[in-house]
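Novice: Please find the sequence and the predicted model below.
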Amino acid sequence: MKAFIKLNCDLGESFGAWQMGMDSQVMPLIDQANIACGFHGGDPTVLVQTLTLAKQHQIEIGAHPSYDDKQGFGRRSIKMPADELKHLLWYQIAAVDGVAKSLGLSISYVKPHGALYNDMMANSALLETVMQAVASFYRPLKLMLLATTATTQHKALAERYQLELLFEAFADRRYQSDGSLTPRSRPGSVLDHQAALLQVQQLLHSGTVQSDSGETLSIEADTLCVHGDNPAALGLVQSIRDLLAGA
């Protein structure tokens, strides 16, 4: 049985008049807040509000950078030279880091968002660029990425840059045989409340999940990604928190 697994959630994604998520309700239920940096969601005021909320609930905080794609909510892939991506990540991480420091807080990790996250998990060269960017930030930060069947290779790559990794699993997403997430375009890719709870139970008790083809996959996870952007999702987070409390 997994001794302890944290819950993380993407937060601070509202901007201007556009409201995204139920941040104030989900924050007390999680351990780690992945806070938008302004390039897919978030703005300066929302950033301060979200960090202040995290401080109130003593939540570990991380930067949640993306491609420069606010119109597409960071869900569109954008090809760019490695140096430009590195600078884009530094810029976003520094924004959250600086505002957090002004509030007496400190970020501890980076979790890329949306298409950038998916692209780096599918492209080893891109993943290495992201690792280089995080590792070369002015102070040590961890990098959060998907726990897959390639975890050993990812650890070896990170060791080249003396970079510590946080591996995450997903509560409500179906897995493919290689440990990647089943694309949302496929039927059954998003699990309902009961199926998600069963997946979390299996992960906690045996460190495994079932793939969409029925295979049992070993998943080494430090943290579990949950969502709180609607009442049903919030109810699932509460159920998972209750499950973890009784584990």
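Specialist: Okay, I see it.
Novice: Flag every buried residue along stretch 207-218.
Specialist: 207, 209, 211, 217 (16 or more other Cβ atoms under 10 Å). Heads up, the C-betas are built off the backbone N, CA and C, glycines and all.
Novice: I'd like those residues laid out as TSV, including distance to Q49.
Specialist: Shown next, in TSV, are these (distance: Cβ to Cβ, whole Å):
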residue	distance to Q49
G207	37
V209	35
S211	39
L217	38
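Novice: how about these, which pair is most distant?
Specialist: Maximum pairwise distance in the buried residues of stretch 207-218, criterion Cβ to Cβ, is 14.5 Å, between G207 and S211.
Novice: Now do the residue nearest to Q162 when sequence neighbours are not counted against R173, distance only.
Specialist: Of all residues not flanking Q162 in the chain, A135 sits nearest, at 6.6 Å (Cβ to Cβ, 6 or more residues apart in numbering). Using Cβ to Cβ, to the nearest Å, we find A135 at a distance of 28 Å from R173.
Novice: Can you get me a residue count around the residue lying closest to H193 once chain neighbours are set aside?
Specialist: In space, and not counting its chain neighbours, H193 is closest to L236: 5.4 Å by Cβ to Cβ, 6+ apart. By the measure other Cβ atoms under 10 Å, the count of residues near L236 is 23.
Novice: For the longest helix seen in the chain, name the packing helices and strands.
Specialist: If you go by DSSP state H, the chain has its longest helix at helix 82-102. Here helix 82-102 touches helix 44-57, strand 60-64, helix 124-135, going by 3 or more Cβ pairs under 8 Å, 6 or more residues apart in numbering; DSSP states H and E.
Novice: picking up where we left off before, so which of the buried residues of stretch 207-218 sit within strands?
Specialist: Among the buried residues of stretch 207-218, the members falling in strands (DSSP state E) are 209, 217.
Novice: which residues of the protein fall in helices?
Specialist: Under DSSP H, the chain gives helices at 23-26, 44-57, 82-102, 114-122, 124-135, 151-159, 193-206, 231-245.
Novice: how about the ones you listed, which one is nearest S66?
Specialist: Among the helices of the chain, the nearest to S66 by Cβ to Cβ is helix 114-122 (5.4 Å).
Novice: any residues touching that closest one, and which ones?
Specialist: 40, 65-67, 69, 73-78, 111-112, 126-127, 129-130, 145-146, 148, 180 (Cβ atoms under 8 Å, 6 or more residues apart in numbering).
Novice: Buried ones only from the residues you listed, please, as a PyMOL command.
Specialist: The PyMOL selection below is limited to those of those classed as buried (16+ other Cβ under 10 Å):
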select buried, resi 40+65+66+67+69+73+74+77+78+111+112+126+127+129+130+145+146+148+180
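Novice: Check what pLDDT the residue most central in space within the chain gets.
Specialist: Taking Cα atoms, centre = their mean, the centroid of the chain lies closest to K111, which sits 4.9 Å from it. Looking at K111, its pLDDT reads 98.
Novice: So for L165, which of the helices of the chain sits nearest?
Specialist: Closest to L165 of these is helix 151-159 (Cβ to Cβ; 5.1 Å).
Novice: now the angle between helix 114-122 and that closest one, please.
Specialist: Using axes from the mean of the first three to the mean of the last three Cα atoms, to 10 degrees, the interaxial angle of helix 151-159 with respect to helix 114-122 works out to 100 degrees.
Novice: pLDDT below threshold where in the protein?
Specialist: Judged by pLDDT under 70, the chain has its weakly predicted residues at 1-3, 247.
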